[in-house]
Structure formats: structure tokens, C-alpha cells
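Student: This is a predicted model, with the sequence first.
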Amino acid sequence: MMEEKKPILSVKDLVVNYGAIQALKGVSLDVYPGEIVAVIGANGAGKSTMMNAIMGAVPRASGEILLDSKPLPSKSFQVVKEGISLSPEGRKVFAPLTVLENLDMGAFPISDRSAIEKQKEDVFELFPRLLERKDQYAGTLSGGEQQMLAIGRALMAKPRVLLLDEPSLGLAPIIINEIFKKLTEVNCQLGMTILIVEQNAKKALQLSHRAYVIQTGSILMEGRSADLLHDPEIEKAYLGGKK
């Protein structure tokens, strides 16, 4: 009998409150090893709140977040040490630091210097433009280069699960295509498990294997991304289809 596949990351009945406002109302999802899972929804639906709750950046009112069926710690640095890294919304690179210094900041869980240098080589191979600008201050990079740096910095910790919060935000279409192509490489070549939240529903569904639709803090629908991409309701609500 085939062993049942277990999720690497599980969010179970997650509730997050901002004062009297319930931002997440019992959100549940699973991410399996080696897959890309997308969470799509309108601005304010709760996508970033969920990511920040996974990372321990906002407190949970109730619910569980599990990595390999074990509860995740509540502090962000502990979450990274456990094997989950976030490329945050708005990139949030350290502007006064160079590209190299930003990458070093991402590698804080790793003590082996040679392993850190190997990670840098891998990041530079993925994003050659960062190698060209390795001594440049992060604040002087273009938006697309800063997004590459934010992803590279998250990869420096050698995560088991990479979280991406709105990686297409504020970028030109040609740069978005380049970033998403690189994410496919990260998944296929490195076997990296990815959870991505995106307002650009079409790109997210084209990138991912499975997807969840979140609306006002609740999961509305889930399924194979290819199926959701051609679902009339999803097309009407999120893909600019005919009303």
C-alpha cells in the first residue's frame, strides 16, 4: 500500500485579529514537498496577513501552523532557522547595505562560511544581474533588481519552504516574466517548495501547481491551478474576464 503523502507546511484554522477586525477567519491550507502553491485574492483579502502569521510577524488569535506536522515557533528568526524564509511584500531590502551585505543578512542561520559562499554562488547563478551589482547599495537598484535581491536573500538561509509575498508588485510586465521564469527554475532545478501570494492571479495560476482563493479572510475555493485558470467565476472575478 502506497504511503500517504504528507504536507511539509500546514496552516490549520488560522485566525488573526487586528483589534476588533478579524483579518483571517479560520484559514486552512496545505503545501506538499516540491510543489508551488498560490494564494490569490483581491487587495485586503488577507494574503499578506497569512504570510506574516506563518513567519511569526503577527500574533495568531487561534489556529496552528505546522512544519512536518510539528508546530512552528512564534518568533520570526526561529521560523527561518526551522526552514521557512520570506521574500516580503514591497521587497524591504536593506537600502544602506550592498547587495553582498544583504545576502549575508539572509544567511544568518548558517554558521559554515563555505556554505554561505556556496549559497551566494547559487544566487548569483540564478540572478547574474546581482553579481554585476554585488558592491552596489541595495537602495540604488531598480525595482526588479531589488525583487531579485529579496528572493536571493530569502534563499540564502537554504529554506525548505520559500514564501513569496506579491513578487510582481510594482514591476513592469517584462520584469515580472523574468522573475516568474526564475521561480520556475528554483522549483524545478532546486526542488524548492514555494508558497506564493499574488494579486496578479493569472501569473500566479500559470506558475503554480495548486491554488487557493481567499476572500475577506476566508478560503473561498481551492483546486488545481490549471482548472482554476479556466473557471468562469475565477475568470470573472480575478482574471479580467467578461462579466
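Tutor: Nice, thanks for sending it over.
Student: can you tell me how far L149 sits from E132?
Tutor: 12 Å (CB to CB, to the nearest Å). Bear in mind the C-beta positions are built from the backbone N, C-alpha and C, glycine included.
Student: the more surrounded of those two?
Tutor: L149 (26 against 12; other CB atoms under 10 Å).
Student: Against Q136, how distant is that one?
Tutor: As for L149, its distance to Q136 is 10 Å (criterion: CB to CB).
Student: shared neighbours of the two, anything?
Tutor: V99 (CB atoms under 8 Å, 6 or more residues apart in numbering).
Student: The nearest residue to E166 once chain neighbours are set aside: what's it in contact with?
Tutor: For E166, ignoring the flanking residues on the chain, the nearest one in space by CB to CB, 6 or more residues apart in numbering is E89 at 4.5 Å. Residues near E89 by CB under 8 Å, 6+ apart: S48, M51, D165, E166, L169.
Student: next one: phi and psi at E89?
Tutor: As for E89, its main-chain torsions (degrees, to the nearest 10) stand at phi -60, psi 140.
Student: Give me the pLDDT for it.
Tutor: Here the pLDDT value assigned to E89 is 93.
Student: Now do it against G63, distance only.
Tutor: Using CB to CB, E89 is found at 21 Å from G63.
Student: got it, and P88?
Tutor: Counting by CB to CB, the gap from P88 to G63 is 21 Å.
Student: Repeat that for V186.
Tutor: Distance from V186 to G63, by CB to CB: 28 Å.
Student: For the two, indicate the residue with more neighbours.
Tutor: Between V186 and G63, counted using other CB under 10 Å, the more crowded position is V186 (19 against 16).
Student: got the domain boundaries for this protein?
Tutor: Using automatic domain parsing, the domain parsing of the chain gives 1-83+159-243, 95-154.
Student: Mean pLDDT added to the ones you listed, as JSON lines?
Tutor: Output for those, formatted as JSON lines (pLDDT from 0 to 100):
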{"stretch": "domain 1-83+159-243", "mean pLDDT": "93"}
{"stretch": "domain 95-154", "mean pLDDT": "96"}
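Student: Which stretches in the chain count as helices?
Tutor: For the chain, the helices defined by DSSP state H cover 47-54, 76-82, 99-106, 113-126, 128-132, 143-155, 173-190, 201-207, 225-229, 232-238.
Student: Redo these as a markdown table? Include distance to S218.
Tutor: Output for the helices of the chain, formatted as a markdown table (distance: least, CB to CB, whole Å):
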| stretch | distance to S218 |
| --- | --- |
| helix 47-54 | 11 |
| helix 76-82 | 24 |
| helix 99-106 | 33 |
| helix 113-126 | 35 |
| helix 128-132 | 38 |
| helix 143-155 | 27 |
| helix 173-190 | 27 |
| helix 201-207 | 17 |
| helix 225-229 | 17 |
| helix 232-238 | 14 |
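Student: And those: which comes nearest P33?
Tutor: Taking CB to CB, helix 173-190 is the member of the helices of the chain nearest to P33, at 11.3 Å.
Student: What residues sit buried inside the closest one?
Tutor: For helix 173-190, a neighbour-count test (16 or more other CB atoms under 10 Å) marks I175, I176, E178, I179, F180, K182, L183, V186, N187 as buried.
Student: ok, P7 to L239 distance?
Tutor: Distance, P7 to L239, by CB to CB: 27 Å.
Student: wait, I meant G34
Tutor: With CB to CB as the criterion, G34 and L239 are 26 Å apart.
Student: Who has more neighbours out of those two?
Tutor: For G34 versus L239, neighbours defined as other CB under 10 Å are more numerous around L239 (17 against 13).
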